[in-house]
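# Everything below, folded, please.
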Amino acid sequence: MTQPTITGHIQSLETKLGTVLLNRNGKTVSLTEAGEILYKHAVNILNTKEQALFSLAEHDGKLEGNLAIAASTVPQGYLLPGLLSAFRLQYPRITFTLRQFDSEGVVTAITSGAADFGFVGTETVLSELEVRKICQERMVLITPCIGRFLDFAGTTVTWDQIKDEAFILREQGSGGRNLFLAGLKKKGIDAAKLTIVATIENPDTIKQCVKAGLGLAIVSERSVVDEIRLGLLKGFYIEDLDLEQNFYFINHRNRVLSPIARAFKGFAHEYF
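From the prediction side, this is the model:
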């Protein structure tokens, strides 16, 4: 709609209700106290409408549509496949559009309305977001199976054993990268002294580079289970370094959910 049309609708609504809904101060517009009251009721009305449509569609077996999901790397690769498959077994007419971002990009996608739901590895505190922890994963150090690491035994290493090695890091904004650097800081280790040989977004590329001997990397344990089991990489926990990463399900707190979005949100919470 054009701006004059929107203004006309708002003025008509204010006249009908006999109250002012918006504070207008130049280009700045905000809700009055009456506007806040009406807004809360309007959201409830729309939610009730969508719930009615959902119940009818579910009753007739016609629940269908597309869900836009934004996810950071590890959730997209290792948490979502099982969830999406399980959800579609129950709702076979649902399709998905899945986009990958770092954790910061996922938050932006949700707040901008580009995605219905997000899955991230970094806790986010924003008033407009609803954030729910869904699981926890340990991070491990991966090394090649060649050179000095060939003789490394056990499941743990000390920082002194690896501090002079070259490291491959994830990109800025990655939850795993932030967790690793925060863990070093907590232990009193200056991250600026790390020898960083590469910054790489794609986790599969990171694993291939580690295999080739380019450097070591800190990754989600779930993402390298098969490679470690098959002897393609070696994995170690670092002593006295807290590297447990939480993963979160996020959605916009005030956005009215469509019937399929409401169903997916409930399903995801129960699934995890």
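
# quick one: contacts of stretch 237-246?
For stretch 237-246, contacts defined as Cβ atoms under 8 Å, 6 or more residues apart in numbering pick out 74, 121, 123, 133, 135-141, 155-159, 162, 175-176, 179-180, 183-184, 186-187, 218, 220. The way it works is simple: take the backbone N, C-alpha and C, and place the C-beta from them, glycine included.

# now, which of these lie within helices?
Counted as lying in helices by DSSP state H, out of the contacts of stretch 237-246, are V74, W159, I162, G175, G176, L179, F180, G183, L184, K186.

# Of those, grab the buried ones for PyMOL.
Only the buried entries of these go into this PyMOL selection, using 16 or more other Cβ atoms under 10 Å:
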select buried, resi 74+162+175+176+179+180+183+184
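
# From the rest of the structure, what touches the helix or strand hosting F264?
Using DSSP states H and E, F264 maps to helix 259-271. Here helix 259-271 makes contact (Cβ under 8 Å, 6+ apart) with 50-51, 53-54, 57-58, 63-67, 83, 86-87, 90-91, 94, 116-117, 132, 134, 249, 251, 257.

# Tell me the buried residues within the residues you listed.
By neighbour count, with 16+ other Cβ under 10 Å, those hold 50, 54, 57, 63, 67, 83, 87, 91, 94, 116-117, 134, 249, 251, 257 as buried.

# Which two of these have the greatest separation?
Greatest spatial distance among those (Cβ to Cβ): A57 and I134, at 26.4 Å.

# what about K185, how many neighbours?
Residues lying near K185 (other Cβ atoms under 10 Å) number 11.

# what's around the closest residue to it other than its chain neighbours, how many residues?
Among residues not flanking K185 along the chain, A191 sits closest, at 6.7 Å (Cβ to Cβ, 6 or more residues apart in numbering). Other residues near A191 come to 14 when the count uses other Cβ under 10 Å.

# swap in K207?
For K207, the neighbour count with other Cβ under 10 Å is 20.

# Quickly note the distance from it to F249.
Going from K207 to F249 by Cβ to Cβ, to the nearest Å gives 26 Å.

# circling back: by neighbour count, which bits of the helix holding F264 are buried? Give me those.
The neighbour-count check on helix 259-271 (16+ other Cβ under 10 Å) flags P259, I260, A261, R262, A263, F264, K265, A268 as buried.

# which one of the residues you listed sits closest to E227?
For the buried residues of helix 259-271, the closest approach to E227 (Cβ to Cβ) belongs to A268, at 28.0 Å.

# Need the worst-confidence member of the ones in helices among the contacts of stretch 237-246.
Scanning these for pLDDT, the low point is G175. It has 83.

# Could you pull up the residues touching that residue?
G175 neighbours (Cβ under 8 Å, 6+ apart): S72, V74, D102, S103, V120, G121, T122, Q245.

# Please name the nearest non-neighbouring residue to it.
Closest residue to G175 apart from its sequence neighbours, by Cβ to Cβ, 6+ apart: G121 at 3.0 Å.

# Let me know whether the one you found touches G176 as I believe.
Yes. Contact criterion Cβ atoms under 8 Å: G121 and G176 qualify, at 6.2 Å.

# Find the residues that touch each one of the two.
Residues touching both G121 and G176 (Cβ under 8 Å, 6+ apart) are V74, S220, Q245.

# what's across from the last one in the sheet?
Pointing back at Q245 there. Beta bridges link Q245 to E137 when assigned by DSSP bridges.

# Quick check: the gap between it and L184.
Separation of Q245 from L184 (Cβ to Cβ): 15 Å.

# what do you get for L83?
Where L184 is concerned, L83 sits at a distance of 32 Å (Cβ to Cβ).

# what do you get for L31?
According to Cβ to Cβ, L31 stands 45 Å off from L184.

# Look up which helix or strand I196 falls in, please.
strand 195-199.

# The helix or strand following that strand vs strand 195-199, what angle?
Next along the chain after strand 195-199, taking DSSP H and E as the criterion, comes helix 203-211. For helix 203-211 against strand 195-199, the angle by axes from the mean of the first three to the mean of the last three Cα atoms, to 10 degrees is 140 degrees.
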